[in-house]
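K.L.:
pasting a predicted model and its sequence here:
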Amino acid sequence: MGLVKVPEILRFSNDDGFLFNHVWGKTLRDGDNNVFGIKRNPQTKICPVQGIEHYMALAQQLRIDLTRGYLFRPTTPQGGILDAPFSSTAAEARLKGYLREMGSDDGETLHGFRAGCAITLALSGAELSEIMDHVGWTRRHTPLHYLTIIIMEFI
């Protein structure tokens, strides 16, 4: 989502979600399109559509122009906002900063959170397809790799 540009986002005609026409990403090359939709969730606290709408309203209040450029943007060390993609490196740095402020930096990484999410879902009884959908994996061998690691630790 860090590389999504505002002009790539459309609303569903009945306003129950967003359609993203993402042109480039981690797994896409040479201008391939990745079209995907996100529907409203009735549970408003976890609804991604409502979260994005709240984010856009806040940006408008802060006078951040979201009519073009990247939807999610990094900040400068001085607190300014850049019209640049929000990279995983920026997210990792922000995570580390928050963990240090809390006095809880034990080496966690974004990758570890993603893998940990898959493991937690599996231990909670979720189906493999549900785990893959939630975490964003498309090939079965990826979650099986992480789940095998955790199973081996219990043996």
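P.N.:
Thanks, I have the structure now.
K.L.:
switch to C-alpha atoms for all contacts and neighbour counts from now on
P.N.:
Fine.
K.L.:
what is the neighbour count of Thr138?
P.N.:
11 (other CA atoms under 10 Å).
K.L.:
same question for Glu53.
P.N.:
Close neighbours of Glu53, defined as other CA under 10 Å, add up to 11.
K.L.:
what mean pLDDT does the helix or strand harbouring it get?
P.N.:
Remark: Glu53 resides in helix 48-61, with elements defined by DSSP states H and E. Computed over helix 48-61, the mean pLDDT rounds to 92.
K.L.:
could you do stretch 101-114 as well?
P.N.:
The pLDDT scores in stretch 101-114 average 88.
K.L.:
rewinding a little: show me the contact partners of the helix or strand following the helix holding Glu53.
P.N.:
Secondary structure here is assigned by DSSP H and E; on that basis, the next helix or strand after helix 48-61 toward the C-terminus is helix 88-102. Residues outside helix 88-102 that contact it (CA atoms under 8 Å, 6 or more residues apart in numbering): Gly2, Pro74, Asp105, Glu108, Thr109, Leu110.
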